[in-house]
Structures are given as structure tokens and as C-alpha cells.
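Visitor: the sequence and its predicted three-dimensional model are supplied below.
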Amino acid sequence: MAKTSMSSVISAIELYLIRHGIAAERGTYANDDDRPLTPVGQTKTRAMADRLREQKLCFDTLVTSPLVRARETAAILQGVGLAAQVETWPELTPDRAIDPWLERYDQWRTQHLAQAAFPAKPSSRLRLALVGHEPTLSQWANQLIWGDGNPINDARDTIVLKKAGIIGLILPPMGSPLGCSQLFWLTPPRLFL
């Protein structure tokens, strides 16, 4: 029996960067990490999640920042069936550099590519969703698309992610995704309502 290489089973990895929904105003909680989604934030996030589900989207892994507003957003996404479970990664806390996340991502990718070599259901793509914060997610998207410190393109650092908005990137199945990723989705939340 011929052995299947991991890269021939998975052609790409879809990364969804999802900003948490509308949260309580800054300064209304003693610890900013404890700010929850507002009722409007919950409603808009649920509408966005429902629209994603209508598109038959399902994440292999849904990961969230440990902050309350991000965890609540992830719970709504999971609640409509976009993922079976939610993982919390501290690498997604606000204002984090991309390097610690890249290390964690590489571990995730290695594990999931190994599992994909013997798939229960055939798929050519893995889907990873991150629920996090601005400006971190937009900065990471720019780095994944343009690379680190590449002053060639004036469009660098112009992607902005609104609350409950989504950026979709195609990452290569092997090697560094920095400067090698492609934007395929940029949706503000108003398009989901």
C-alpha cells in the first residue's frame, strides 16, 4: 500500500481571524479582561454566527483568547455548531506579538496534518478559527500576507477588523506562513445582519 504524504492530503489551511463582539465600555470593569459582550454584542455575534452556519462553514479547531468577551464570542460560535469544542490559548491575549502564536500554530498544524494523513472524512483543507482582539488580529493578518518588515507595499497595515468581523486567510500547509498567506475573506459584521 502506498503511503500518502501529509501535504498531498491537505492543500491549504484556512485561518479565520474573528474579532470578539461588542463588549462593555472600557473602564466599566475593574479588570479590563472581565468586560463581557453587551446584549447588542451578543445579538450581532449570534447573527454573524448564524450566517456562517448557513454557509456550511465548520472549523476543525476554534481557539479563543482567555478574555471574557472573546470567550463569550467563541461560545456563541460553538453554540450554533461551527465547532465541536473551544480551546483557550493565552497567545491570543491583546497586544501579543505573532511569534508565540506561530510556535503554537506550528504545533497545531503538525498534529492536524498527521491526523489528516489518515482522515476519517476526506478533506483538502483544515480550518482554524481564532477569536481575539484588535489591533492584534489585523496586525497578524498584515504580517501573514505581507511578511515581517517588508516595506515594498504601501497597503501594509491597512486591514482593519471591526467587532464581530472576520478575516479569512489561506496559509500554506508547509513552511512559514509569514508573507506566504493569501487574503480570501474580509467581512464587516454589518454584512451579516
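Guide: Yep, it's here.
Visitor: show me where pLDDT drops low in this protein?
Guide: Scanning the chain for pLDDT under 70 picks out 1-9, 116-123, 149-157, 193.
Visitor: ok, and what's touching the lengthiest helix in it?
Guide: In the chain, with assignment by DSSP state H, the single longest helix is helix 98-116. Contact with helix 98-116 is made by 6-7, 9-10, 13, 60-61, 89, 91-92, 123, 126, 128, 139-140, 143-144, 173, 176-178, as judged by Cβ atoms under 8 Å, 6 or more residues apart in numbering. C-beta here means a position set from N, CA and C on the backbone, and glycine is covered the same way.
Visitor: would you map the strands across this structure?
Guide: Taking DSSP state E as the test, the strands found in the chain are 12-19, 61-64, 86-88, 125-132, 166-171, 182-187.
Visitor: in CSV: those, plus mean neighbour count and distance to residue 97.
Guide: Listed next are those as CSV, based on neighbours: other Cβ atoms under 10 Å; distance: least, Cβ to Cβ, whole Å:
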stretch, mean neighbour count, distance to residue 97
strand 12-19, 23, 15
strand 61-64, 22, 17
strand 86-88, 15, 19
strand 125-132, 23, 13
strand 166-171, 21, 18
strand 182-187, 14, 21
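Visitor: and these as CSV, adding distance to residue 46?
Guide: Listed next are the strands of the chain as CSV, based on distance: least, Cβ to Cβ, whole Å:
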stretch, distance to residue 46
strand 12-19, 13
strand 61-64, 15
strand 86-88, 16
strand 125-132, 14
strand 166-171, 14
strand 182-187, 16
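Visitor: return a PyMOL selection command for the buried portion of the contacts of helix 98-116.
Guide: The buried residues among those can be selected in PyMOL (16 or more other Cβ atoms under 10 Å) with this line:
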select buried, resi 6+9+10+13+60+61+89+91+92+126+128+139+140+143+144+173+177+178
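Visitor: contacting residues for residue 32?
Guide: residue 26.
Visitor: swap in 6 Å and give it another go.
Guide: Contact partners of residue 32, counting by Cβ atoms under 6 Å, 6 or more residues apart in numbering, are absent.
Visitor: ok, now the one 4 residues further on?
Guide: Under the criterion of Cβ under 6 Å, 6+ apart, the contact partners of residue 36 comprise 68, 72.
Visitor: report the separation between it and residue 192.
Guide: The gap separating residue 36 from residue 192 is 21 Å, by Cβ to Cβ, to the nearest Å.
Visitor: roughly how far out does the longest helix of the chain sit from the chain middle?
Guide: 13 Å (Cα atoms, centre = their mean, to the nearest Å).
Visitor: what comes up buried for that helix?
Guide: 98, 101-102, 104-105, 108-109, 112-113, 116.
Visitor: again with stretch 142-150
Guide: Buried residues in stretch 142-150, defined by neighbour count with 16+ other Cβ under 10 Å: 142-147.
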